[in-house]
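how would this look folded up:
(chains A and B)
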Amino acid sequence: MTARFVRTQKELEGRYEDVWVLVDEADDVETWAPDADLALVGRPAPRQDGAARAAGRVRFTVDVHLAGMLHAAVLRSPVAHGRVRSLDLEAALAVTGVRAAIGPESELSLTTRAPLLAAEPAYAGQPIAVVAADTPEAARAGLDALALDLEVLPHVVDPQQALNEQRFTADPSDDARGDAEAALAVADVRVELSLDTPAHVQTPLEPHAAVASWDGDQLTAWVSTQGMFSAREELATAFGLRKDDVRVRTEFVGGGFGAKQGAGFEGLAAAELSRATGRPVRLVNDRHAEQLDGGRRAATRQTVRLGARRDGTITAIDADAVIAMGQGGWVMPVLIPARTLYHCADVRALTFPVKINLRAQNAFRAPGVMEGTAAFEQAIDELALALDLDPLELRRRNHTDVDQVSGLPYSSKHLLACYDRAAELAGWAGREELRASRGDGLLRGMGCATQIWWGGGGPPSHATVRLDADGHAHVVTGIQDIGTGTFTGAQIVAAEELGLPLDHVRVTGGDTGPNVYGPLAGGSQTTPSVMPAVRSASAKVRKILLQLAGDVFEIAAGDLEISNGRIRSRDGAIDAAVTEVTDKLGNATIDGSGSRGPNPEGFVVNTFGCQIAQIAVDPGLGEVRVERIVAVHDVGRIVNPLTASSQVEGGVLQGMAFALSEELVVDPTTGVPVNAHLDDYKIPTIADVPEIVIDFPHVPDANLPNVGSKGLGEPPIVPTAAAIANAFAHATGRRAAGLPLTRARVLEALA
Amino acid sequence: MTITLEVNGQRHVVDATGRRLLAVLRDDLELLGTKLACGEGACGACAVLLDGRSVNSCLLLAEAAAGHEIVTIEGLSTGRASALQDAFVAEDALQCGFCTPGQVVSATALLEQTPGPTREQIHEAMAGNLCRCGAYPKIERAILRAAGDA
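Got it, this is the predicted structure:
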């Protein structure tokens, strides 16, 4: 190993930081050429754990049952804002089977920046007390015995009121370049569009959950999380432990979509109660708690003003966004589409993060960018109408290969190819004929939208590979597979590099025990961060294997190659199974470790794409039916087309539901969400699914380390709602003032 | 109240007092493939077969299941169910996998009653099984594939 430290820029969901990266010169494997003849990468492969999942054999956090385990139940605020007058912990402890009860005033062994439990809850659903008991029933009886008495305080849940009263979670920001106002004033054509976007709840079917168990001063925590290493950090910090004394296990996660970022309240509370009682403790959100306090994409109110020349050149962009943050959270980059999607020198982007009595907003797949695209890309279509230009043509004319904020070129960008391919697949040329009546009383239309997201990943990310005497390799990663298929992606990359059949490679992760670091499964960073590390580790093992094969066959290692589990000499004289070499290992293994190298200097890494929606509107019933979505996304090299298409379908369906049905509704009088259940918060069913047509340009990014892939978690959700709303305007000639396009909103728009 | 439940062909004596079938299956019999996701009968993650029909075990009182034949995902490994599981894997009709046991249970019930379902019949039969990851297009394909293979 030749080690050195390199300073590099790392990005997560649009937030950049400079980090030191440990670089091993031996990790510098060349990127596979775009036309390389690869046996496994780029070919569809079923998931390595598919059969176990289909048989219901995989164990999620909610399935962890330990001997002597206690069940925790959480008392949550029934009001949007209040103050605890009394809480009878002693009465709870007197309930048969209750082993611990903690409230806002309790002495805890953990320390966290914010109090674990609230004496003055500031949103409905905020935890006030937790009880642990022998059975879930006893824990619930314990909650009843607490006899909570709350003084109700005034609340604010209306973002406009919060704005008027200047209640912010962070300072409003003004991201400007040039002079948008002056450019607007002299523009040939001006359009303006305002849009309300809904609070959108992640709704993973496995709720937030944790099981904690102490052994002396060592803690093991099973956490349903997208970030087991961030959970480890959080727990170690809270309890004053060395990281190595905390083991977080999270092999299978029943969905997260951004909502499960670390140890969470569940992990901290379960660990606290477990320490206090000396027994393992399980804390699982019930559905109502999950919908109230699992998180959400914040509602926004956005206004976009555009100015352009007659030829379609965009000359001014002036956008503002009021983000209904709740009690806090990081300010999502809602106006990134306005700032970066098209070439424009004069831009102003004002963001107002308002504080209201809802839970702090958190990440939901393409946080900020998706809801920002929903507004901005509708404004672009309005501009196309005003200019009498084809909407795709307007987008092409304002294309840029340079990041508009930094002035740096993109590492790769094949957006124009995405437009062409999407138009071809959707039948864009027949868009106007689509509006002709088919005699079924429905109004049809077609709309498009452009996608931008990051997704370049970065260091640190590590992997180790061990090749056994039986010729099978075991890849240890630090990733948690939340449903994306990353274990299988790593299996494909490792098998390709090692020259082994796919089923001779097994990938594990979901356990911080081995201390092989991997990133949070979020921000579309897993594939571009982890796969290069897996490939580097595999390349080292391959190199050693070939050296050993050279000894065995008495030939120079450089004259040998491996594929599909066989070692061959270039002259054809040797053709032997890998095991003819490895079986001499006995109990030894060939080991290799690899790490993700630094990001390319002088480039900005983004993903791009285009979606086209075809919809039918029933003007009598106000019903919108999506008939087809075409999705073409440029994410570099596709490792596994089978799971990649699953990612796209999932993103499209969540984006479609944001456009049509999903909205957390808050009662303004009480400040309490009224549909925090699955029967009235409408996520799509199988009967709502349109035809989804998917393609990728399949061009590896030559500037990214050794695999050339970008992430695909976020991109497909980004443009769907905008494309549907644009199709609605095309079909009806109207725009709704807000999303989702419920029947009420549709009928109002058509009135 | 103690009752006898027949689950996956085996008889179990369980305490059913005020309890849902799902709680008995998961907590007493440790049949953990059946999931609790909403507890409101709105998502189908807890689906089991009751005399061959797909029911939400989170809403069914355990005592109401006495005298009926209950099959959970753990009891599905032959015939149509096995073909379905293979098809789910081949078509990638699962992502996080949390809803998958319920999907397989409901799809098994569908194919038992309607061996060659149309797309509309699939939508009708499977609309009670939510998948937040959005595996629906491939679930539909997997069911059609299993129906064709059977």
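
Just give the closest residue to the residue nearest to the spatial centre of chain B, not the sequence neighbours.
What sits nearest the mean C-alpha location of chain B, by Cα atoms, centre = their mean, is residue B:105, with 2.8 Å. In this structure, residue B:105 finds its nearest non-sequential neighbour in residue B:47, 4.3 Å apart by Cβ to Cβ, 6 or more residues apart in numbering or on different chains. Any C-beta I mention is one placed from the backbone N, CA and C, and that applies to glycine too.

neighbours of the one you found, just the number please.
Per other Cβ atoms under 10 Å in any protein chain shown, the neighbour tally for residue B:47 reads 30.

before we move on, what about the one 3 residues further on?
Neighbouring residues of residue B:50 were enumerated by other Cβ under 10 Å; the total is 19.

How is chain B divided into domains?
B:2-75, B:79-149 (automatic domain parsing).

re the thing from before, what about the residue nearest to the centre of chain B, helix or strand, and which?
Taking DSSP states H and E as the definition, residue B:105 sits inside helix B:100-113.

buried set for that helix?
Across helix B:100-113, burial judged by 16 or more other Cβ atoms under 10 Å in any protein chain shown covers B:100, B:101, B:102, B:103, B:104, B:105, B:106, B:107, B:108, B:109, B:110, B:111.

Quick check on the closest residue to residue A:348 other than its chain neighbours: phi, psi?
Leaving aside its sequence neighbours, residue A:348 sits nearest to residue A:180 (Cβ to Cβ, 6+ apart; 3.9 Å). The phi and psi values for residue A:180, taken as degrees, to the nearest 10, are phi -60, psi -40.

quick one: residue A:180 and residue A:327, what's the gap?
Residue A:180 sits 32 Å away from residue A:327, going by Cβ to Cβ, to the nearest Å.

who's more crowded, the two?
The neighbour comparison of residue A:180 against residue A:327 (other Cβ under 10 Å) goes to residue A:180, with 23 against 17.

close enough to count as contact, the more buried one and residue A:347?
Yes. Residue A:180 lies in contact with residue A:347 (Cβ atoms under 8 Å); the separation is 5.6 Å.

Pull up the overlap in contacts between the two.
With contacts taken as Cβ atoms under 8 Å, 6 or more residues apart in numbering or on different chains, residue A:180 and residue A:347 have A:316, A:317, A:318 as neighbours in common.

what kind of secondary structure is the first one in?
When the structure is reduced to helix, strand and coil (DSSP: H, G, I helix; E, B strand; the rest coil), residue A:316 reads as strand.

Mind pulling the model confidence for it?
Residue A:316 is assigned 98 on the pLDDT scale.

Check residue A:20 too.
With respect to pLDDT, residue A:20 has a value of 88.

which residues does it contact?
Residue A:20 neighbours (Cβ under 8 Å, 6+ apart): A:5, A:6, A:7.

Likewise for residue A:111?
Residue A:111 touches A:238, A:240, counting by Cβ under 8 Å, 6+ apart.

Look at it and give its secondary structure.
coil.

Hmm, residue B:70 and the residue nearest to the centre of chain B touching each other?
No. Shown here, residue B:105 and residue B:70 do not form a contact pair, counting by Cβ under 8 Å, at 10.9 Å.

Please enumerate the shared neighbours of the two.
Common neighbours of residue B:105 and residue B:70 (Cβ under 8 Å, 6+ apart) are B:48, B:49.

What distance do you get for whatever residue of chain B ends up closest to chain A to residue A:514?
Nearest residue of chain B to chain A, counting by Cβ to the nearest Cβ: residue B:33, 2.6 Å away. Distance check for residue B:33 against residue A:514: by Cβ to Cβ, it reads 28 Å.

Which helix in chain A has the most residues?
The longest helix of chain A (DSSP state H) is helix A:526-553.

Run through the neighbouring helices and strands of that helix.
If contacts are counted by 3 or more Cβ pairs under 8 Å, 6 or more residues apart in numbering or on different chains; DSSP states H and E, helix A:526-553 sits against strand A:462-467, strand A:473-477, helix A:486-498, strand A:560-563, strand A:566-569, helix A:579-582, strand A:590-595.

Format these as CSV; extra columns: mean neighbour count, distance to residue A:709 and mean pLDDT.
Output for these, formatted as CSV (neighbours: other Cβ atoms under 10 Å in any protein chain shown; distance: least, Cβ to Cβ, whole Å; pLDDT from 0 to 100):
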stretch, mean neighbour count, distance to residue A:709, mean pLDDT
strand A:462-467, 25, 15, 98
strand A:473-477, 25, 15, 98
helix A:486-498, 28, 8, 98
strand A:560-563, 16, 21, 96
strand A:566-569, 20, 27, 98
helix A:579-582, 20, 29, 98
strand A:590-595, 22, 15, 96
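
To residue A:292, which of these lies closest?
Nearest to residue A:292 among the helices and strands packed on helix A:526-553 is helix A:486-498 (29.9 Å), distances taken as Cβ to Cβ.

With only the CA atoms kept, save the closest one in PDB.
Presented in PDB, the C-alpha positions along helix A:486-498 are these (Å, rounded to 0.1, in the frame of the first residue of the first chain):
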ATOM      1  CA  THR A 486     -26.700  -2.500  -3.800                       C
ATOM      2  CA  PHE A 487     -25.500  -5.800  -2.400                       C
ATOM      3  CA  THR A 488     -26.200  -7.400  -5.800                       C
ATOM      4  CA  GLY A 489     -24.500  -4.500  -7.600                       C
ATOM      5  CA  ALA A 490     -21.400  -5.100  -5.500                       C
ATOM      6  CA  GLN A 491     -21.700  -8.800  -6.200                       C
ATOM      7  CA  ILE A 492     -21.700  -8.000 -10.000                       C
ATOM      8  CA  VAL A 493     -18.700  -5.600  -9.800                       C
ATOM      9  CA  ALA A 494     -16.700  -8.000  -7.600                       C
ATOM     10  CA  ALA A 495     -17.400 -11.100  -9.800                       C
ATOM     11  CA  GLU A 496     -16.500  -9.100 -13.000                       C
ATOM     12  CA  GLU A 497     -13.200  -8.000 -11.600                       C
ATOM     13  CA  LEU A 498     -12.300 -11.300 -10.000                       C
END
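
Can you tell me the SS state at residue A:71?
strand.

In contact with the residue lying closest to residue A:103 once chain neighbours are set aside, which residues are there?
Nearest residue to residue A:103, sequence neighbours excluded (Cβ to Cβ, 6+ apart): residue A:129, at 4.3 Å. Applying Cβ under 8 Å, 6+ apart, we find residue A:129 in contact with A:74-75, A:87, A:89, A:92, A:101-104, A:117, A:143, A:146, A:148.

Identify the residues contacting residue A:295.
By Cβ under 8 Å, 6+ apart, the contact set of residue A:295 is A:201, A:202, A:258, A:259, A:359, A:361, A:362, A:363, A:364.

where do the helices sit along chain B?
With DSSP H as the criterion, chain B has helices spanning B:21-23, B:62-65, B:79-91, B:100-113, B:119-126, B:136-149.

Mean pLDDT added to those helices, as JSON lines?
Output for the helices of chain B, formatted as JSON lines (pLDDT from 0 to 100):
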{"stretch": "helix B:21-23", "mean pLDDT": "97"}
{"stretch": "helix B:62-65", "mean pLDDT": "96"}
{"stretch": "helix B:79-91", "mean pLDDT": "94"}
{"stretch": "helix B:100-113", "mean pLDDT": "97"}
{"stretch": "helix B:119-126", "mean pLDDT": "98"}
{"stretch": "helix B:136-149", "mean pLDDT": "95"}
